[in-house]
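# 3D model of this:
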Amino acid sequence: MPNALNCDEASAGYEAFSLLNYGIDRNGNHNPSFLVAWGSGQNALLTYLIIPLIKIFGLKTIAIRLPMAILGCVSLVILYLLLRKISNKKLAIIGLAFFAICPWHIMKSRWGLESNLFPDLILIFAYMLIKGIEDKNKIKKISQTIIFIYYIILIFNMVFFARYNVVNDYNLIPFKSISNILKNGNTYSIIINIFGNLFVFMPLEYFLIELFKIRKFPLNFIISFLIILLIELFQFIFKVGVLDIDDLILCILGMMIFYICYNLINKKMHSKKDDN
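Model prediction:
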């Protein structure tokens, strides 16, 4: 958990305290729908969610951060239910497991930042939309599209917006970074850099197969390669990450492993149906 309150967290907490006790924000506005905050504006929903918790716990860190923690847990359940709607129980559990250990989701759920409500509210909206549609084919298509958009937002945040320092480095020697990490890295760095790169784009491979119907291996491989290459180049151009050929190798390998396993499972499932 972050060691101290972010300035926006503190702002939202104080606004909630002010509204609870005086009915106005710190700028004297009565029950505002949008907060002035530091001058650039701040969404008010999280502040209103914090008010009853300040009443219970007082003006403390737990009161400011608890709404996002609760919503982060609720979104895990919503994602599981959504995946159950469009697939099966096994895939829903796998998706839930990925989401539960995703660093982006964990950090988002631990910070009381008002904009962090957006992804969870979109997920809840998506589930309610799917619940309201009876056509199973439409449900599958719409839900896949919504989850794909959610996944792209997550990837963009991890790849482009998660770093605040300028990175201007590259590695074009195959397996150099991998060997360095395996020899000198700790368990955490191995998990993040090796297994993280293997697994992070596996959901993208699912969307290429099911949502975009790119099922022929040569075309699928070329598109997967170009996507990861573009991400690596963008990271280098905008100085938000290392251009590393080993990342390219690991990401493509992970996607192709998923492609092979997914197609093998589908073939077995279809053969069982034919036998029955």
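# pull out the buried positions in the one helix or strand residue 260 maps to.
Applying DSSP states H and E as the criterion places residue 260 in helix 245-275. Buried residues in helix 245-275, counted by 16 or more other C-beta atoms under 10 Å: 245-252, 254-256, 258-259, 262. No exception for glycine: its C-beta is placed from N, CA and C like everyone else's.
# distance between that helix and the chain's centre?
Taking the mean of its C-alpha atoms, helix 245-275 sits 22 Å from the chain's own mean (C-alpha atoms, centre = their mean, to the nearest Å).
# same list (the buried residues of helix 245-275) but as JSON lines, adding distance to residue 237.
Below are the buried residues of helix 245-275 laid out as JSON lines (distance: C-beta to C-beta, whole Å):
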{"residue": "245", "distance to residue 237": "16"}
{"residue": "246", "distance to residue 237": "19"}
{"residue": "247", "distance to residue 237": "15"}
{"residue": "248", "distance to residue 237": "15"}
{"residue": "249", "distance to residue 237": "20"}
{"residue": "250", "distance to residue 237": "21"}
{"residue": "251", "distance to residue 237": "18"}
{"residue": "252", "distance to residue 237": "20"}
{"residue": "254", "distance to residue 237": "24"}
{"residue": "255", "distance to residue 237": "23"}
{"residue": "256", "distance to residue 237": "26"}
{"residue": "258", "distance to residue 237": "28"}
{"residue": "259", "distance to residue 237": "28"}
{"residue": "262", "distance to residue 237": "32"}
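# now residue 37, what's its secondary structure?
Three-state assignment for residue 37 (DSSP: H, G, I helix; E, B strand; the rest coil): coil.
# what sits against it?
Shown in contact with residue 37 (C-beta atoms under 8 Å, 6 or more residues apart in numbering): 8, 11, 15.
# please tell me how far the first one sits from residue 112.
In this structure, residue 8 and residue 112 are 8 Å apart, going by C-beta to C-beta, to the nearest Å.
# higher neighbour count, the two?
Set side by side, residue 8 and residue 112 show more neighbours around residue 112, with 28 against 18, by other C-beta atoms under 10 Å.
# which residues are in contact with the more buried one?
Contacts of residue 112 by C-beta under 8 Å, 6+ apart are 5-6, 9, 12-13, 46, 50, 64-65, 67-68.
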